[in-house]
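Enquirer: Give the three-dimensional model of this entry:
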Amino acid sequence: MTEPLLLTETAAGVRTLRINRPDKLNALNREVIDALDAAFAEAARDPEVRVVVLTGAGPKAFVAGADIAEMHTLTPVQGRDFSLRGSRMMRRIEKLPKPVIAMINGFALGGGLELAMSCHLRIAADSAKVGQPEINLGLIPGFGGSQRLLRLCGRAATLELCLTGAPISAERALQLGIVNRVVPATDLETETMTLARQLAAAAPLALRGLLDCVNVGGECSLEEGLEYESAQFGLMFATEDMREGTRAFLEKRKPTFTGR
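Expert: Numbering: from 1, shown residues only. All right, here's what the predicted structure looks like:
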């Protein structure tokens, strides 16, 4: 019986998606891209899911890149379509109205780093390596790597990673702002799930508003971003969660948010 490409588990509002090609270091082919796209679309619809954690199966890799064996035979048109396929899936993740955490348990190279950068937060094991090595294959990043790196860590670091193709350590990635946290490999799952449960207990509509503000504000002028934030802030006053949160503060107790 064929193993599923994506292992899914949901507990306490946290859905864990685990790419399941450990023999291929979880490389992204068209089937995996489509499975991820469908899984994130379903997570967006499911009211029981408040946070998504994305990781790779096995001890070696988050995702070691796109599937080179599949790419090797592509025509120029097929190559463009493959790039668009992956980019659309990653844009879906980026625009998901629920927080997505990349749990980087090993190599995140090429398409793997691009996938991690499309997530809202990234926690890496201290043993992880990240990079954009496409130059070594006569290629360039195809799933948004040059653009998301530029926005995360600036021009100089982007050019260094993309032009040299050399992987960097998790600690260097933290210094550059590519990942949010680096933890001992043995603590990675515990630390990630602690953060995921913390976010799952927060007000879902406020989380969505924050994600929208950052996504929209990152692509527009400061003036437009401030206007958008004010509009989102005002919308929160229409939610039961806002009343519950402020009431709980005044009553000196923990709030219980329902997403309404």
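
Enquirer: Now tell me what touches the worst-scoring helix or strand of the chain on mean pLDDT from outside.
Expert: Lowest on mean pLDDT, DSSP states H and E among the helices and strands of the chain sits helix 68-71, with a mean of 90. Residues outside helix 68-71 that contact it (CB atoms under 8 Å, 6 or more residues apart in numbering): A27, N29, R30, G79, F82, L137. Glycine gets a C-beta too; all of them are placed from N, C-alpha and C.

Enquirer: just stretch 6-21 next, same as before
Expert: Stretch 6-21 has contacts (CB under 8 Å, 6+ apart) with 3-5, 26-28, 32, 35-36, 39-40, 43, 46, 48-57, 63, 193, 196-197, 200-201.

Enquirer: With stretch 211-227 instead?
Expert: Stretch 211-227 has contacts (CB under 8 Å, 6+ apart) with E94, K95, L96, P97, K98, P99, H120, R151, Y228, E229, Q232.

Enquirer: Phi and psi next, for the second one.
Expert: In other words, K95. Main-chain torsions, K95, degrees, to the nearest 10: phi -100, psi 10.

Enquirer: What separation do you get for it and N105?
Expert: Taking CB to CB, to the nearest Å as the measure, K95 falls 25 Å from N105.

Enquirer: These two - which one has more neighbours?
Expert: Set side by side, K95 and N105 show more neighbours around N105, with 25 against 13, by other CB atoms under 10 Å.

Enquirer: Against V130, how distant is the more buried one?
Expert: N105 is 12 Å from V130, where distance means CB to CB.

Enquirer: Contacts only, for the residue nearest to G65 when sequence neighbours are not counted.
Expert: Leaving aside its chain neighbours, G65 sits nearest to G110 (3.4 Å; criterion: CB to CB, 6 or more residues apart in numbering). By CB under 8 Å, 6+ apart, the residues touching G110 are A64, G65, A66, G131, Q132, P133, E134, P141, G145.

Enquirer: Low-confidence regions, the stretch 1-150 of the chain specifically.
Expert: 1 (pLDDT under 70).

Enquirer: Helices of that one, start to end?
Expert: 30-45, 68-71, 76-94, 111-118, 145-164 (DSSP state H, counting those that start in this stretch).

Enquirer: All good on my end, thank you.
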